[in-house]
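Colleague: Okay, structure incoming, though there's no sequence with it:
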Ligand code: ATP
């Protein structure tokens, strides 16, 4: 049994860097929790505090319900695997894996048995006599995993363990790692900046940004109902289309979402229309993933947007068309740094642009981390709007591999209204909210 809880945990380094800002997170027994976020968002610092390698500045780390702030790493029954795993070059694979058992004074007989069990489970049973230099990158990573697992830790902490490997091997190992930890029933916290890794491996994903926790949920929850605009923009490929919309309520009929040159209409009997109607006369952000858009004939019924294909990308199994629908796009870039406010409509640009800069939490010359207090990513300085990159909105639409259309062609897409996401000017999800 092993659970982890972070209660209001903040980490401020000596130079004043706020790496982790008032985080609350519970990891259940046997759960595979992935900490996901861009470089520098504080993932490793969280992991290191759980391991006892860093002390929280404030707040508590609880292991199995007991405050563990004062426990040394050794006292925590934790095993860690890092990106830069170091094997002992002069030792065989068998000795590398068995090293922690030797330190713990486990006799040779049972030690050999445990080594063979672990090596078998990791598929490296046939290389036990080799030295690390005689192994492939993937085999070396498996040895590092074996060395961590062999002590049967209560908690497994992994910090980007696959990032040095090529993509084929990464895909293979991520299935193995999640399978193995589940088989062993070991609670695992796994750090990555790779959303594919997070969505495929995790029981739950915790998404961080500039030290602040943005959302926690199953992969289906965080992808399907992202709590913030940032999470919406971070997860998914192609990125979610995020368009600025002015809201106009036509009571008892519909809520109009004016996207610039075109509009979408949320029927009044749609349960979300009441929440969105709250923003009558204001601007919000409407999110639509590519899977919510289906190419149709121009005169097709229902919610249809017309546009001109600006460019096409061929991805082998599919093509992506980027469609100019005369709307204003809100772009939150992958690493959370400057938000580009893109517009074919100049009106309102400045205000929402500022909002989105606040949402991004920094600009090129603003502090790299959030202010303390749990809401730092929404209170940072405004950037110089002149430094923002601007271009017209491009709506990503999935097409067949050889779609028979090309740049410059007109395209109509039907919008699945039930698959729209709505965010307010702070970047929070507008919803009647259930999970
Ligand atoms: P990466 O994916 O690149 O490893 P991360 O999300 O794990 O990034 P952390 O390593 O936790 O991020 O770092 C969070 C922030 O704290 C960064 O701004 C980093 O520069 C800063 N930081 C980390 N360690 C220290 C330290 N010892 N002193 C000062 N600042 C630090």
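Modeller: Cool, the structure landed. Computed from a prediction, not measured in an experiment: that's the story for all the values here. Numbers count the residues shown, from 1 in each chain.
Colleague: contact partners of the helix or strand hosting residue 11?
Modeller: If you go by DSSP states H and E, residue 11 is part of strand 4-12. Contact with strand 4-12 is made by 18-27, 42, 45-46, 49-50, 54, 56-63, 65, 155, 187, 189, 211, 372, as judged by C-beta atoms under 8 Å, 6 or more residues apart in numbering. No exception for glycine: its C-beta is placed from N, CA and C like everyone else's.
Colleague: what comes up buried for that strand?
Modeller: The neighbour-count check on strand 4-12 (16 or more other C-beta atoms under 10 Å) flags 4, 5, 6, 7, 9, 10, 11, 12 as buried.
Colleague: Pick the one among these closest to the ligand.
Modeller: Of all the buried residues of strand 4-12, the ligand sits closest to residue 11, with 7.8 Å by C-beta to the nearest ligand atom.
Colleague: Leaving aside the residues adjacent along the chain, what's closest to that closest one?
Modeller: Closest residue to residue 11 apart from its sequence neighbours, by C-beta to C-beta, 6 or more residues apart in numbering: residue 20 at 4.1 Å.
Colleague: element containing the one you found, please.
Modeller: Assessed by DSSP H and E, residue 20 sits inside strand 18-27.
Colleague: the inter-axis angle of the strand holding residue 11 versus strand 18-27?
Modeller: Here strand 4-12 runs at an angle of 170 degrees relative to strand 18-27 (axes from the mean of the first three to the mean of the last three C-alpha atoms, to 10 degrees).
Colleague: Is it correct that residue 178 is in contact with residue 33?
Modeller: No: using C-beta atoms under 8 Å, residue 178 makes no contact with residue 33, being 11.5 Å away.
Colleague: Tell me who's in contact with the residue nearest to residue 322 when sequence neighbours are not counted.
Modeller: Leaving aside its chain neighbours, residue 322 sits nearest to residue 394 (3.8 Å; criterion: C-beta to C-beta, 6+ apart). Neighbouring residues of residue 394 by C-beta under 8 Å, 6+ apart: 310, 311, 322, 323, 324, 329.
Colleague: Give me the pLDDT for the fourth one.
Modeller: Right, residue 323. pLDDT recorded at residue 323 is 93.
Colleague: buried residues in the strand holding residue 20?
Modeller: 18, 19, 20, 21, 22, 23, 25, 27.
Colleague: Show me how the record splits this structure into domains.
Modeller: 4-233, 239-423 (automatic domain parsing).
Colleague: of all these, which lies closest to the ligand?
Modeller: Of all the domains of the chain, domain 4-233 sits nearest to the ligand, with 3.1 Å by C-beta to the nearest ligand atom.
Colleague: Residue 231: neighbouring residues, count only.
Modeller: Residue 231: 25 surrounding residues under other C-beta atoms under 10 Å.
Colleague: Am I right that it is in contact with residue 213?
Modeller: No: taking contacts as C-beta under 8 Å, residue 231 lies outside contact range of residue 213: 10.4 Å.
Colleague: and for the two, which residues touch both?
Modeller: With C-beta under 8 Å, 6+ apart, residue 231 and residue 213 have common neighbours residue 207.
Colleague: just checking, residue 101 is part of a helix?
Modeller: Yes: assessed with DSSP: H, G, I helix; E, B strand; the rest coil, residue 101 lies in a helix.
Colleague: Can you pull the phi and psi angles for the nearest residue to it once chain neighbours are set aside?
Modeller: Spatial nearest neighbour of residue 101, excluding adjacent residues (C-beta to C-beta, 6+ apart): residue 111 at 4.7 Å. Residue 111 adopts backbone torsions of phi -60, psi -50, taken as degrees, to the nearest 10.
Colleague: where does residue 412 land in three-state SS?
Modeller: Secondary structure of residue 412, per three-state DSSP, is strand.
Colleague: Do you know the pLDDT at it?
Modeller: pLDDT, residue 412: 95.
Colleague: So it is in contact with residue 298, correct?
Modeller: Yes: the criterion here is C-beta under 8 Å, and residue 412 meets it with residue 298 at 4.6 Å.
Colleague: In the stretch 151-300 of the chain, mark out all the strands, start to finish.
Modeller: Per DSSP state E, counting those that start in this stretch, the stretch 151-300 of the chain carries strands over the ranges 155-159, 187-192, 204-209, 212-217, 241-250, 254-258, 263-267, 283-288, 293-296.
Colleague: Using a markdown table, please lay out those together with mean neighbour count and distance to the ligand.
Modeller: Listed next are those as a markdown table, based on neighbours: other C-beta atoms under 10 Å; distance: least, C-beta to the nearest ligand atom, whole Å:
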| stretch | mean neighbour count | distance to the ligand |
| --- | --- | --- |
| strand 155-159 | 24 | 7 |
| strand 187-192 | 26 | 6 |
| strand 204-209 | 25 | 7 |
| strand 212-217 | 22 | 12 |
| strand 241-250 | 22 | 24 |
| strand 254-258 | 20 | 35 |
| strand 263-267 | 17 | 37 |
| strand 283-288 | 22 | 25 |
| strand 293-296 | 18 | 32 |
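Colleague: Could you export these to a markdown table, including columns for mean pLDDT?
Modeller: Formatted as a markdown table, the strands of the stretch 151-300 of the chain follow (pLDDT from 0 to 100):
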| stretch | mean pLDDT |
| --- | --- |
| strand 155-159 | 92 |
| strand 187-192 | 95 |
| strand 204-209 | 96 |
| strand 212-217 | 95 |
| strand 241-250 | 94 |
| strand 254-258 | 95 |
| strand 263-267 | 94 |
| strand 283-288 | 94 |
| strand 293-296 | 94 |
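Colleague: Which one of these lies nearest to residue 118?
Modeller: Residue 118 lies closest to strand 155-159 among the strands of the stretch 151-300 of the chain, at 13.1 Å (C-beta to C-beta).
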